[in-house]
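Peer 1: this one's sequence-less:
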């Protein structure tokens, strides 16, 4: 290959990777738990989770006339959500243990923060969808949970992913709180004989 072609190829490759390399390939996702005690009186439950999302990334950065840049979670989102839910149930007075008669399955269906570039700012549109399936003694209830939020951040350059991660973690934490405070879930778990 002649030197001019080689140089042009190198410049083209560098320019194609420059935009994508600005962003990390993953961010830490860590929902927090806000659950008060006194809901359960030592009832037991088995908790597991599954990830049914179509995509394994949690942030999608959309820019004019460019392919979207996607950013994943550096830790296992399914495990993070399951641990947060287990901690919440424990804080409320339940015991989470394998083989318990009450089985709770957390299913992740959609977790995405879309970053949309504007002229002088960017919007972060968050969409979360999950469900809980509770089973005991041949009875089953399924509860759907959805959260959506939109946040605007000023800035003409690249979006600050720490801010995007923070608003996503906030929505994930609120989702855990929604599940823990659901009266149907509390009645089903608390109604063990």
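Peer 2: Looks like it arrived, so ask away. All values derive from a computational prediction rather than experimental measurement. Residues are numbered from 1 along each chain as shown.
Peer 1: all contacts plus neighbour counts: C-alpha atoms, from now on.
Peer 2: Will do.
Peer 1: show me where the chain has its helices.
Peer 2: For the chain, the helices defined by DSSP state H occupy 3-21, 77-91, 161-180, 183-190.
Peer 1: can you pull the pLDDT of residue 133?
Peer 2: With respect to pLDDT, residue 133 scores 98.
Peer 1: that one and residue 36: what is the separation?
Peer 2: For residue 133, the distance to residue 36 equals 22 Å [C-alpha to C-alpha, to the nearest Å].
Peer 1: what pairs with the residue nearest the centre of the chain across the strands?
Peer 2: For the chain, residue 111 is the residue whose C-alpha lies nearest the centre (C-alpha atoms, centre = their mean; 4.6 Å). Beta-bridge pairing for residue 111 (DSSP bridges): residue 128.
Peer 1: the one 10 residues further on now?
Peer 2: Each beta-bridge partner of residue 121 is listed here: residue 154, as defined by DSSP bridges.
Peer 1: surely it meets residue 151?
Peer 2: No. Counting by C-alpha atoms under 8 Å, residue 121 stays clear of residue 151, with 10.4 Å between them.
Peer 1: what sits against the nearest residue to residue 80 once chain neighbours are set aside?
Peer 2: Of all residues not flanking residue 80 in the chain, residue 30 sits nearest, at 6.3 Å (C-alpha to C-alpha, 6 or more residues apart in numbering). The contact partners of residue 30, taken as C-alpha atoms under 8 Å, 6 or more residues apart in numbering, are 80-81, 169.
Peer 1: with respect to residue 44, which of those residues is nearest?
Peer 2: Distance to residue 44, by C-alpha to C-alpha, is smallest for residue 81 among those, at 18.9 Å.
Peer 1: ok, for that closest one, nearest residue in space, not its chain neighbours?
Peer 2: Nearest to residue 81 is residue 31, by C-alpha to C-alpha, 6+ apart, at 6.9 Å.
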